[in-house]
Structure formats: structure tokens, C-alpha cells
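**Q** I'd like to go over a predicted model; first the sequence, then the structure.
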Amino acid sequence: MFERLTAQARMVIVRARQEAEQLHHPEIGSEHLLLALAAQPGGTAHTVLQAAGLDEVRVRAWLTRSAGTGQPGEGLIAGRLTEQDAEALRSIGIDLDAVLSRIEESFGPGAVELATLSADPPRRGPFRRRGRPARSRFTARGKKVIELSLREALRLRHNTIDSAHILLGLLRDGGGPAQQIITDAGIDPVELRTATESALRRRAA
């Protein structure tokens, strides 16, 4: 259920939306989730990323350099969890459909669906154009990362989904802008995954 997301994980999702809007990106992709993980202090994922040498400044700089190249918010279609995965999540009390529904309640209808890119960025502030959604939507890849974070929590037999599980989901996805940012920073995704799992084990000890 949505309540199984820790406060830190919820803050990361909210911040990802805020970052996308501040960058005038109409979609929330894996790159915005990575930026939120790097920028949101106090979480396990933030600590791991800092130790690896990837901070908010570096992620934001990559996004700024890539503006206009089609990389941010690219909306790549990615595979979804199987029904067996969803059933396994339900067995420990995590209803995937309920989680995604609650995210849509927070971010607006269709928030987790693939949004249509617009060349004309939405206006900010109280004078948005009529008919234009007030909030950015998740790309298919961004949605997949959230789904995979639930799968990672299941794999590790954790009853809550934290920022570290979002990072693990992002690394498990294995593609898209976020993965490119990580590799461009000279970080081995496999080593980063190992460090994240180690941090989770230390926290649980």
C-alpha cells in the first residue's frame, strides 16, 4: 500500500516532480528521480550517492547540459512488472495498483502514464494556460523505476519502501538518462548497487 512508502521516499517522489517543473520538463523521468535522491538530505540513497561522488550539483549540471538534446524526459517505453511480481508484492501487503492510484491522487489523474511532450513548456505560477495540466507526469521509465523499487523491497524482504529502494529500482532498470548520468560520472552501477544494499543492511542491524 501507499502507506508503506516511508516519509523519505514520498519526499523524493514529490521533489522529483518539483525538479522537473523547475527545469520546465513536462515529464518526470528517471533523471528527475536521481536528482531528487541526490538532493534530498537525510536519506540512505543520498548518503550512498554522496559517498560515490554523485551530488545534486553534478546531476543538475548534466540535465542543464542535456537540455534540448531530447535526453531528459525522453519517455522511453520500458517493460513492466509481471502479474506474478504484482501477486508477490500483494503477498506481503503491497498492492501495486493501490500504490500507483495513490500517486495519481497526489500528482493528478494520469500522473503515472506516459505524458505527451510539448515543445511549449507550461507556464509557471497562477497564470497557467487553461487545459494544461498543472503538474508533470511520469514517463514510462519513471513509472517503471517506482515499480521496481517495490520489487526490490520484496526481494530484500523489507516491509517498507525507502529512498534506497528507489535507487535500487533505478539501478535495476539499467537504462535511460539516470543510468547515463551515473556512468558519465565514472561510477560503476554494479558497485553503486552493492553499496546501496550494504547501507540498507547496516541500517537494519
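**A** Noted; the coordinates are in hand. Numbers count the residues shown, from 1 in each chain.

**Q** List the buried residues for stretch 56-69?
**A** 56, 58-60, 62-63, 66 (16 or more other Cβ atoms under 10 Å). (Each C-beta comes from the backbone N, C-alpha and C, glycine too.)

**Q** Including distance to residue 205, could those residues go into TSV?
**A** Putting the buried residues of stretch 56-69 into TSV (distance: Cβ to Cβ, whole Å) gives the following:
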residue	distance to residue 205
56	28
58	30
59	29
60	33
62	34
63	36
66	39
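
**Q** what comes up buried for whichever strand or helix holds residue 197?
**A** Using DSSP states H and E, residue 197 falls within helix 189-204. Across helix 189-204, burial judged by 16+ other Cβ under 10 Å covers 192-193, 195-197, 199-200.

**Q** Low-confidence bits of this protein, can you list those?
**A** Filtered on pLDDT under 70, the chain yields the residue ranges 1-3, 67-100, 102-136.

**Q** give me that answer again for 80
**A** 1-4, 66-136, 204-205 (pLDDT under 80).

**Q** Residue 143 versus the closest residue in space to residue 162 that isn't next to it in sequence, what's the distance?
**A** In space, and not counting its chain neighbours, residue 162 is closest to residue 6: 4.8 Å by Cβ to Cβ, 6 or more residues apart in numbering. From residue 6 across to residue 143, the span is 19 Å (Cβ to Cβ, to the nearest Å).

**Q** tell me the phi and psi of the closest residue to residue 11 other than its chain neighbours?
**A** The shortest distance from residue 11 to any non-neighbouring residue, by Cβ to Cβ, 6+ apart, is to residue 40 (5.7 Å). Main-chain dihedrals, residue 40, degrees, to the nearest 10: phi -90, psi 110.

**Q** quick one on the thing from earlier: distance check, the residue nearest to residue 162 against residue 45.
**A** Counting by Cβ to Cβ - residue 6 and residue 45 are separated by 11 Å.

**Q** Which one of those two is surrounded by more residues?
**A** residue 45 (27 against 17; other Cβ atoms under 10 Å).

**Q** Let me know the closest of the buried residues of stretch 56-69 to residue 187.
**A** Taking Cβ to Cβ as the measure, residue 187 lies nearest residue 58 of the buried residues of stretch 56-69, at 10.1 Å.

**Q** how about the helices in this protein?
**A** Here the chain has its helices, by DSSP state H, at 7-22, 30-39, 44-52, 56-66, 83-91, 96-107, 140-155, 163-173, 176-184, 189-204.

**Q** For stretch 169-188, C-alpha coordinates in PDB please.
**A** Coordinates of each C-alpha in stretch 169-188 appear next as PDB, following Å, rounded to 0.1, in the frame of the first residue of the first chain:
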ATOM      1  CA  GLY A 169      14.900   0.300  -8.700                       C
ATOM      2  CA  LEU A 170      16.600   2.900 -10.800                       C
ATOM      3  CA  LEU A 171      19.800   0.800 -11.000                       C
ATOM      4  CA  ARG A 172      17.800  -2.300 -11.800                       C
ATOM      5  CA  ASP A 173      16.100  -0.500 -14.700                       C
ATOM      6  CA  GLY A 174      19.600  -0.400 -16.300                       C
ATOM      7  CA  GLY A 175      18.900   2.300 -18.900                       C
ATOM      8  CA  GLY A 176      17.800   5.800 -19.600                       C
ATOM      9  CA  PRO A 177      19.100   9.200 -18.600                       C
ATOM     10  CA  ALA A 178      19.700   8.400 -15.000                       C
ATOM     11  CA  GLN A 179      21.900   5.400 -15.900                       C
ATOM     12  CA  GLN A 180      23.800   7.700 -18.300                       C
ATOM     13  CA  ILE A 181      24.400  10.300 -15.600                       C
ATOM     14  CA  ILE A 182      25.800   7.600 -13.300                       C
ATOM     15  CA  THR A 183      28.200   6.200 -15.800                       C
ATOM     16  CA  ASP A 184      29.200   9.600 -17.100                       C
ATOM     17  CA  ALA A 185      30.200  10.400 -13.500                       C
ATOM     18  CA  GLY A 186      32.600   7.500 -13.600                       C
ATOM     19  CA  ILE A 187      30.500   5.400 -11.200                       C
ATOM     20  CA  ASP A 188      30.100   1.600 -11.700                       C
END
